[in-house]
Structures are given as structure tokens and as C-alpha cells.
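In: give me coordinates for this.
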Amino acid sequence: MLYKLSTYVSRKLCKGAYLLEVSGIVVEEDVFSLSSDLTQSIIKGVTRGLRACRYNVKHEDTVCICVQNSKIYNWLNHAEENPDYMDDLEELYNTLNSLDCMYKFVLDKNSYAKTFLESSEVLSKSKVKGSGIAEAFKGM
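Out: Numbering: from 1, shown residues only. Okay, here's the model as predicted:
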């Protein structure tokens, strides 16, 4: 099966998200807070998403991993290490090696995770007001 792992980190919202999809159906999702370093947050977001894949993917599966940043995409595609982020990249590579599947990194600046993160932020900020049972049946 083909899995798609969409990741996105928003500096503006101070949050990140990942979504794991198979056949257009979301099987795992998460929204998380960021560290102060955006690059580190993107790497950690991809790592979190890969950890969510562990219990879903099998040997014959392929995971398409969408990242938002071209610099990080190049690091991951060419297995390059940046000395400033060596520990975070090593954790990502170790998590990736623990998966028994094929994978491919893709640059996607407008991933589904971005849409999900922005829409979940709108929902959480909306002014939804509830009422109690007494108020609902008042006047009946």
C-alpha cells in the first residue's frame, strides 16, 4: 500500500501537525507545539510522523514523506547532515531505519497537514457556546 505522511510546521500559529493517509483516509494525525527553532521543529515533526507509521506500515508498503522546507528536503534526500542539527537528524534517521518499508521524500509546501493545522486552529478559536439541558428545555 502507499501511505502519505504530510507534515507541516507553522511559525505563525506556533504549532505543527502531521497526517498519515492511506487511500485518502487519515489513519493517524497529531497537532503539537513547537520549539523556538523552526528547522528543528520541522525535523522533529517528521520524526513524530514517522513514529506514527510504525504500527501501520508493513514491509511491502511505501511511505511518501512530505516536507515543507527545501533545505531540509535536500538534507533528507541526499542523507546530508548539518552539524547544527546532527542530533535531531540522527534521531530522524534512526526512526526511519526502524521502519520496515520503502520511503520517498517529497517537497510539498502546501501539504494536507497545512490545511489541517490551519482549519483546526480556526475551529479551536471559534466561539462555540453550549447550553445546559435546563436552558434547552426552558419555556416548554
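In: quick one: secondary structure of Leu20?
Out: What DSSP: H, G, I helix; E, B strand; the rest coil gives for Leu20 is strand.
In: tell me the pLDDT at the closest residue to it other than its chain neighbours?
Out: Nearest-residue entry for Leu20: Glu28, 4.0 Å, with adjacent residues in sequence omitted and distances by C-beta to C-beta, 6 or more residues apart in numbering. Every C-beta, even on glycine, is put in place using the N, C-alpha and C of the backbone. In this model, Glu28 is scored at 91, pLDDT.
In: in what helix or strand does Glu28 lie?
Out: strand 25-33 (DSSP states H and E).
In: any chance you could map the strands in the protein?
Out: In the chain, the strands defined using DSSP state E lie at 2-10, 15-22, 25-33, 62-67, 102-107.
In: other residues contacting the last one?
Out: Just to be clear, that refers to strand 102-107. Contacts to strand 102-107, defined as C-beta atoms under 8 Å, 6 or more residues apart in numbering, come from residues 61-68, 70, 73, 76-77, 96.
In: pLDDT check: weakest of the residues you listed?
Out: Asn77 (88).
In: returning to what we had before: enumerate every residue touching the residue nearest to Leu20.
Out: By C-beta under 8 Å, 6+ apart, the neighbours of Glu28 are 18-20, 49, 52-53, 56.
In: just checking, Val63 touches Ser6?
Out: No - counting by C-beta atoms under 8 Å, Val63 does not reach Ser6; the two are 11.1 Å apart.
In: okay, now Thr115: neighbour count?
Out: 14 (other C-beta atoms under 10 Å).
In: no no, Asp100
Out: 11.
In: next one: Val26
Out: 13.
In: for the remainder of this discussion, apply numbering that starts at 55.
Out: Understood, numbering begins at 55; the last thing we discussed is Val80.
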